[in-house]
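Trainee: have a look at this prediction, sequence included:
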Amino acid sequence: MERDAEKSVYELTELKDRAPKYFGVKTGTKLDNMFHTTEYDEISKRPVRNILGGIPYLSVMNMVGIPDSGKSVLAEQFAITQASLGYKVLMVTTENPANFLYKNLVSRSYAMGVDFDEITDNFTVIDTTRDDSLRENVRRLIGVMDYAIDKKKSTITVIDSVTGLYESREKEARQIVRHIFNFMKEKRQTAFCVSQKRSSQDSITSEAAGGLGVAHIVDGTIVVDKRVIATKYDEMFYNIPVGSVMRTIRIDGCRMAGHDLETYVMDITEFGLVEIRDRLSKTVKR
């Protein structure tokens, strides 16, 4: 018991030097302005809000949404942005075979104005689509990820999607995500985990396959949604023509930093990039 206490019980002063630095890891989108910290200003003697400039460093973020809502596009933009800044990125694909992922990254890079040939050395890909044992045995997958991270000195990990690791075993979802989360923390990764939303859940909620427990394990959840404007009422309410597709994005919660509480309109441009626009409240008001 005493030995366990020595490993688990801390005075707050002991944690000061262990606490991570707070700064933003850029996504290349308006999300970078939607996270903030609160600090104390010695001059004004008041708390002030500082924009992080990205998702919190060393956070494990869960991005949830229905199919074709922009999850993978945003995850790939994040990966390319980090690779273009010189950071090593590990991408774990459970749905899109690696050769098809490669083509996506190439076209996405040029749409972003990034020379893909200059950033290829900053990418490592683990393809689980042809190896059921990697998808179904999280400890084996973690072993492969551990090797890849150490070999390439990766600091950014993207998993698209984490749902693919438990798609036929939803009862194990929380345990699997917990293993992934603990490993990301141990390896000091800033991570983006894509989750497919349950079709039975309301589209604006954060529940993915596995239920709320998955969202509770990670550091924060980003919810993306897609709505087809199908009636004249929708057209008048959202000020968008009938037949259009309206995508939205919001930060559902984050334990590592403060965040914008609004829902934003999100577009996928003709070049296949995510662009976050105005608050949804402004669109409706107009």
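Mentor: It's in.
Trainee: and the strands in this structure, which stretches?
Mentor: Counting by DSSP state E, the chain has strands at residues 24-25, 35-41, 46-51, 55-56, 60-65, 89-93, 123-127, 156-160, 190-196, 220-228, 245-254, 258-259, 264-268, 274-279.
Trainee: low-confidence ranges, the chain, go.
Mentor: The model of the chain has pLDDT under 70 over residues 1-6, 198-213, 285-286.
Trainee: for Met112, which of the strands of the chain is the nearest?
Mentor: For the strands of the chain, proximity to Met112 was assessed by C-beta to C-beta; strand 274-279 is nearest, at 10.5 Å. Placement of C-beta: from N, CA and C, glycine included.
Trainee: tell me the strands beside that closest one, with direction?
Mentor: Within its sheet, and counting by DSSP bridges, strand 274-279 is paired with strand 264-268 (antiparallel).
Trainee: list the buried ones in the strand it pairs with?
Mentor: Buried positions in strand 264-268, judged by neighbour count with 16 or more other C-beta atoms under 10 Å: 264-266, 268.
Trainee: again, but for stretch 15-33
Mentor: Neighbour counts over stretch 15-33 (16+ other C-beta under 10 Å) mark 22, 24-32 as buried.
Trainee: pull up the distance across that stretch, start to finish.
Mentor: This stretch, stretch 15-33, spans 28 Å end to end (C-alpha to C-alpha, to the nearest Å).
Trainee: which residue is nearest the centroid of this protein?
Mentor: Nearest residue to the geometric centre of the chain (C-alpha atoms, centre = their mean): Phe192, 3.3 Å.
Trainee: contacts only, for that one.
Mentor: When contacts are counted by C-beta atoms under 8 Å, 6 or more residues apart in numbering, Phe192 is found next to 55, 61, 63, 75, 78-79, 156-159.
Trainee: swap the cut-off to 7 Å and go again
Mentor: Contact partners of Phe192, counting by C-beta atoms under 7 Å, 6 or more residues apart in numbering, are 61, 63, 75, 78, 158.
Trainee: for Gly243, state which of those is nearest.
Mentor: Met63 (26.9 Å).
Trainee: give me the neighbour count for the closest one.
Mentor: Neighbour count for Met63, taken as other C-beta atoms under 10 Å: 28.
Trainee: nearest spatial neighbour of it, skipping sequence neighbours?
Mentor: Distances taken as C-beta to C-beta, 6 or more residues apart in numbering place Ile222 nearest to Met63, at 4.6 Å, with adjacent residues excluded.
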